[in-house]
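**Q** Below: sequence and its predicted model.
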Amino acid sequence: MPAGRPIALAAVAATALTLLTACGQDPLTQGTVKDKRGHAAYRTPTYTDTYRNTNCRTVTTNALTLSSLSGRTGGGTGGGVSKPKPAKKPAPAADPKKQESSRTTKQVCDRVRASHRQTGWHWTAAHWELKLKNGSRTEWITVKRTTWDRARINHQIKI
């Protein structure tokens, strides 16, 4: 993971939190700089993987189906204690002629990565923020790079 990615995620989360908590108030445009954070623009490569099947085999499963039990009603689906239900007619005994054997055959293969190649770039824009304090209000604001470079901690600033 690139070193800038955690900073970018933290900046996005902090910005979203600021927007949610500051609804109804105008953003600060002046105050004392309490903190700075930001990251330069960066790009990360994107890749495409191709796979091939190997070690293929045919798997057969057998399932016994009792058609005489298909009309049976089960108990509740919950995990608690259920009340006993009144007795109904007992289900007829399973007739050997009605028993069916179903056989399913399918091919199963293991996947192995055949190639891993770069297909392009993903661009992440620069993000610069200052934490301003004005009276009892403190909030992070997004600024331009030149403003961020000139700002000093504990100095007054007007944007």
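**A** That came in fine, so what should we check first?
**Q** Could you point out the helix or strand that follows the helix or strand bottoming out on mean pLDDT in the chain?
**A** Counting by mean pLDDT, DSSP states H and E, the chain has its least confident helix or strand at helix 4-21, which shows a mean of 71. Once the chain leaves helix 4-21, the next helix or strand it forms, by DSSP states H and E, is strand 30-39.
**Q** What helices and strands are in contact with that next one?
**A** Under the contact criterion of 3 or more Cβ pairs under 8 Å, 6 or more residues apart in numbering; DSSP states H and E, strand 30-39 touches helix 4-21, strand 127-134, strand 137-142, helix 145-150, strand 156-158. For the C-beta atoms, the positions are set from N, CA and C on the backbone; glycine is no exception.
**Q** which stretch among those comes nearest G31?
**A** Closest to G31 of these is strand 127-134 (Cβ to Cβ; 3.5 Å).
**Q** Run through who's touching that closest one.
**A** 8, 11, 14-15, 28, 30-39, 138-145, 147-148, 151, 157 (Cβ atoms under 8 Å, 6 or more residues apart in numbering).
**Q** filter the residues you listed to the buried ones?
**A** With burial judged by 16 or more other Cβ atoms under 10 Å, the buried subset of the contacts of strand 127-134 is 8, 11, 28, 31, 33, 36, 38-39, 139-141, 143, 148, 151, 157.
**Q** which sections of this structure are below the confidence cut-off?
**A** For the chain, applying pLDDT under 70 flags the ranges 1-4, 17-24, 64-101.
**Q** From one end of stretch 140-148 to the other, what's the distance?
**A** 12 Å (Cα to Cα, to the nearest Å).
**Q** Adjust the sequence numbering to begin at 165 for everything that follows.
**A** Yep, numbering from 165; the last one is stretch 304-312 now.
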